[in-house]
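Asker: Have a look at this prediction, sequence included:
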Amino acid sequence: MQKAVARWSGHKVKFIVESHSGHQAIVDEPPIFGDDEGMRPTEMLLGSLGACTGTNAVLLLKKYKQAYRSLEVVCQGQQEEEWPHRFTSIQIDFMISWEDGFKPDGALVHKALDLACNRYCPVDATLTHGSRINHRRVDV
């Protein structure tokens, strides 16, 4: 089971998020609620989607011998105007530059990106297919 802990910093709405592997990220909001010292939770969600699909794209493009020089994954989401401002749609754009003189195989690149999103990315699968989320109070 994966685990992440979001600890309130003690100041405004700044949280330190720590992963099971021991890595940390700062999550905050802009003034007046926060001090703008970290990503917004919604930005972190889009970033997680980009990093997950991007990791798979890198591995699959390499497997299919598609000689890329760089890959940038841009995730943009449309949100509802009213609370809770859920995402109504998300667009993932894979910005790929190829090695000089290399001609990518369009079918293999399409297959790699499709699998990166729709087969191997747990973040995409969770957002696309939904997940039951429960909550409870634990007094410590």
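Answerer: Ah, there it is.

Asker: quick one: pLDDT of residue 24?
Answerer: pLDDT for residue 24: 97.

Asker: nope, residue 65 is what I meant
Answerer: What the model reports for residue 65 is a pLDDT of 98.

Asker: which strands and helices sit next to the longest helix anywhere in the chain?
Answerer: Longest helix in the chain by number of residues (criterion: DSSP state H): helix 41-63. Packed against helix 41-63, as judged by 3 or more CB pairs under 8 Å, 6 or more residues apart in numbering; DSSP states H and E, are the following elements: strand 24-27, strand 68-79, strand 87-98, helix 106-118, helix 122-129. The C-beta positions use only the backbone N, C-alpha and C, and glycine is treated the same way.

Asker: Relative to the whole chain's centre, how far out is the third one?
Answerer: Same thing as strand 87-98. Here strand 87-98 shows a centroid-to-chain-centroid distance of 11 Å under the convention CA atoms, centre = their mean, to the nearest Å.

Asker: mind checking how far the residue positioned nearest the centre of the chain is from residue 121?
Answerer: By CA atoms, centre = their mean, the chain has its centre lying nearest to residue 48, at 1.8 Å. Using CB to CB, to the nearest Å, one obtains 10 Å as the distance from residue 48 to residue 121.

Asker: And for residue 139?
Answerer: To residue 121, residue 139 is 36 Å away according to CB to CB.

Asker: who has more neighbours, the two?
Answerer: The residue with more neighbours, out of residue 139 and residue 121 and counting by other CB atoms under 10 Å, is residue 121; that gives 23 against 3.

Asker: contacting residues around stretch 11-28?
Answerer: The set of residues external to stretch 11-28 that reach it, using CB atoms under 8 Å, 6 or more residues apart in numbering, is 2-9, 29, 33-41, 44.

Asker: buried ones in that stretch?
Answerer: 14-15, 17, 27-28 (16 or more other CB atoms under 10 Å).
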